[in-house]
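Trainee: pasting the structure only:
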């Protein structure tokens, strides 16, 4: 068992691009083993918050720390799954090569991948089902297979904080259930998970749910945050009239 | 006999042997750099760099110093320009980079027009002078190949991460601005090492065509690089041979063969892919 400790902390944090704030006044205090589900439509700010926690965007105001350091300062201990991570179909990479890249944060430029690294790669490929197509190049994979490959890469980092932007995108029901099992297993070993999702079902097992619509609509335990009024307010925000 | 026609030009002529060595060195250095250029989608920047070195070479020739030196200086200017544009431009960066390179090219033409042998000089800069390479050119090229290969070995991991996504490299602890600049430096070195053989206008063909052929066939980055080296070497040999027997421009022939090989590979690869899709019924997403 892990001893609970604070992993992600923010006070009056504002996130956005350039000078444009998307969401402000975010106050987070996440502990080891917590799962926070960020729920909202496209443009609601959930990806922006994840990118800020990953260190890819600078905080526009307030303070934020991840594992007692600035976001992005602990690449070995924090792993981030971007939305639609595949940029090009011509990349000559097999599933196992992509997953092995999850170890690069630990290996740096020069360290050779050892038996432990290879074992972690194999294990994570089995966990997400990517082992079934380990030697298939990216360009021949379905969207769901690519998603499982990238998820395995993130898990191969063996991190203490997981920042997942729609990890179940493109997966069928069984695939979604497998991701839920993986998240539960990671939390059980003390990993803090921040999960951005459209899917309310992903949020029910969370420690806390944050409903976003370019502001914090609600933030609290699922039963409380996911009230009908809150959900309507969150998803009604950007809907066409 | 056919064997003679295939080998004799190289056995009988010192300049053909030198040209073959020079163009194979170009093929090898381009295979290494070109692989990352294609993976990262930097072809346009590579082209810009290649044209941007023209004024430096022209000025160097006018002053009677080494063209390599002039090319290196203007490559540095171009790279600074490109990185400033990429960071600061409010226009899309291809517009600004396009203007920068055509501006540099125009400057090169202006400088060359001061030379008494304008046509000869500009032709040499743009299309190379493969049959006139010297032993010292070959030494330069070998040094560039060693440098580029060493840098590629060191920076392989961040380069591959960046070819998927900059964010992935960033969150893996690698500095994207640093390794992006390093990649531009490698492109610049490659251009400088190759312009005497194939010319600044054609070097992009050697940089991109063999690597793109490799991308179509390979399942791994390392095999993509090997395929690119093999394609580039084959294009060098075939191109030189054709140019010898039919009295055609050497650099142009090599680059044309490289691009033609890419075209054929693309047709074959897409036919094979279509056939495979027809054979295997569409696989649905499912887990066992």
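Mentor: Cool, the structure landed. Model, not experiment: these values are computed from the prediction.
Trainee: hey, let's count contacts and neighbours off CA atoms from now on
Mentor: Noted.
Trainee: and the closest residue to residue B:39 other than its chain neighbours, what is it in contact with?
Mentor: In space, and not counting its chain neighbours, residue B:39 is closest to residue B:163: 5.4 Å by C-alpha to C-alpha, 6 or more residues apart in numbering or on different chains. Neighbouring residues of residue B:163 by C-alpha atoms under 8 Å, 6 or more residues apart in numbering or on different chains: A:87, A:91, B:36, B:39, B:40, B:41.
Trainee: which of the residues you listed tops the neighbour count?
Mentor: Per-residue neighbour counts (other C-alpha atoms under 10 Å in any protein chain shown) across the contacts of residue B:163 peak at residue B:36, which has 27 neighbours.
Trainee: run a quick neighbour tally on the residue nearest to it when sequence neighbours are not counted.
Mentor: Distances taken as C-alpha to C-alpha, 6+ apart put residue B:159 closest to residue B:36, at 6.9 Å, once the chain neighbours are dropped. When neighbours are counted by other C-alpha under 10 Å, residue B:159 registers 25.
Trainee: hmm, back to that, tell me which two in the contacts of residue B:163 are the farthest apart.
Mentor: Spatially, the most separated pair among the contacts of residue B:163 is A:87 and B:36, at 14.3 Å (C-alpha to C-alpha).
Trainee: contact partners of the lowest-mean-pLDDT helix or strand in chain A?
Mentor: Least confident helix or strand, chain A: helix A:228-236 with a mean of 79, by mean pLDDT, DSSP states H and E. Contact with helix A:228-236 is made by A:40, A:41, A:211, A:212, A:213, A:217, A:218, as judged by C-alpha under 8 Å, 6+ apart.
Trainee: quick one: buried residues of it?
Mentor: A:230, A:231, A:233, A:234, A:235 (16 or more other C-alpha atoms under 10 Å in any protein chain shown).
Trainee: could you dump those to JSON lines with distance to residue A:72?
Mentor: As requested, the buried residues of helix A:228-236 are exported to JSON lines (distance: C-alpha to C-alpha, whole Å):
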{"residue": "A:230", "distance to residue A:72": "32"}
{"residue": "A:231", "distance to residue A:72": "32"}
{"residue": "A:233", "distance to residue A:72": "32"}
{"residue": "A:234", "distance to residue A:72": "29"}
{"residue": "A:235", "distance to residue A:72": "30"}
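Trainee: so residue B:18 touches residue B:137, yeah?
Mentor: No. If you go by C-alpha atoms under 8 Å, residue B:18 and residue B:137 don't touch, sitting 9.8 Å apart.
Trainee: run through the residues that contact the residue nearest in space to the middle of chain B.
Mentor: Nearest residue to the geometric centre of chain B (C-alpha atoms, centre = their mean): residue B:207, 2.2 Å. Counting by C-alpha under 8 Å, 6+ apart, residue B:207 touches B:27, B:30, B:31, B:33, B:34, B:37.
Trainee: now name the helix or strand holding the second one.
Mentor: Put plainly, it is residue B:30. Secondary structure assignment for residue B:30, by DSSP states H and E: helix B:14-40.
Trainee: run the chain-centre distance for that helix.
Mentor: 8 Å (C-alpha atoms, centre = their mean, to the nearest Å).
Trainee: after that helix, which helix or strand is next? Please name it.
Mentor: helix B:43-52.
Trainee: can you give me the buried ones in that following helix?
Mentor: Applying 16+ other C-alpha under 10 Å to helix B:43-52 flags B:43, B:45, B:46, B:47, B:48, B:49, B:50, B:51, B:52 as buried.
Trainee: export those residues as JSON lines, with columns for distance to chain A.
Mentor: As requested, the buried residues of helix B:43-52 are exported to JSON lines (distance: C-alpha to the nearest C-alpha, whole Å):
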{"residue": "B:43", "distance to chain A": "14"}
{"residue": "B:45", "distance to chain A": "18"}
{"residue": "B:46", "distance to chain A": "19"}
{"residue": "B:47", "distance to chain A": "20"}
{"residue": "B:48", "distance to chain A": "22"}
{"residue": "B:49", "distance to chain A": "23"}
{"residue": "B:50", "distance to chain A": "24"}
{"residue": "B:51", "distance to chain A": "27"}
{"residue": "B:52", "distance to chain A": "28"}
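Trainee: switch those over to JSON lines; also include pLDDT.
Mentor: What follows is the buried residues of helix B:43-52, written out as JSON lines (pLDDT from 0 to 100):
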{"residue": "B:43", "pLDDT": "86"}
{"residue": "B:45", "pLDDT": "85"}
{"residue": "B:46", "pLDDT": "87"}
{"residue": "B:47", "pLDDT": "87"}
{"residue": "B:48", "pLDDT": "89"}
{"residue": "B:49", "pLDDT": "88"}
{"residue": "B:50", "pLDDT": "87"}
{"residue": "B:51", "pLDDT": "87"}
{"residue": "B:52", "pLDDT": "88"}
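Trainee: chain B contacts on chain A?
Mentor: A:54-56, A:72-76, A:79-80, A:85-88, A:90-94, A:97, A:101-102, A:104-105, A:108-110, A:129, A:137, A:142, A:144-145, A:171-172, A:174-175 (C-alpha under 8 Å from any C-alpha of the partner chain).
Trainee: narrow those to those that are buried.
Mentor: A:54-56, A:72-76, A:79-80, A:85-86, A:90-94, A:97, A:101-102, A:104-105, A:108, A:129, A:137, A:144-145, A:171, A:175.
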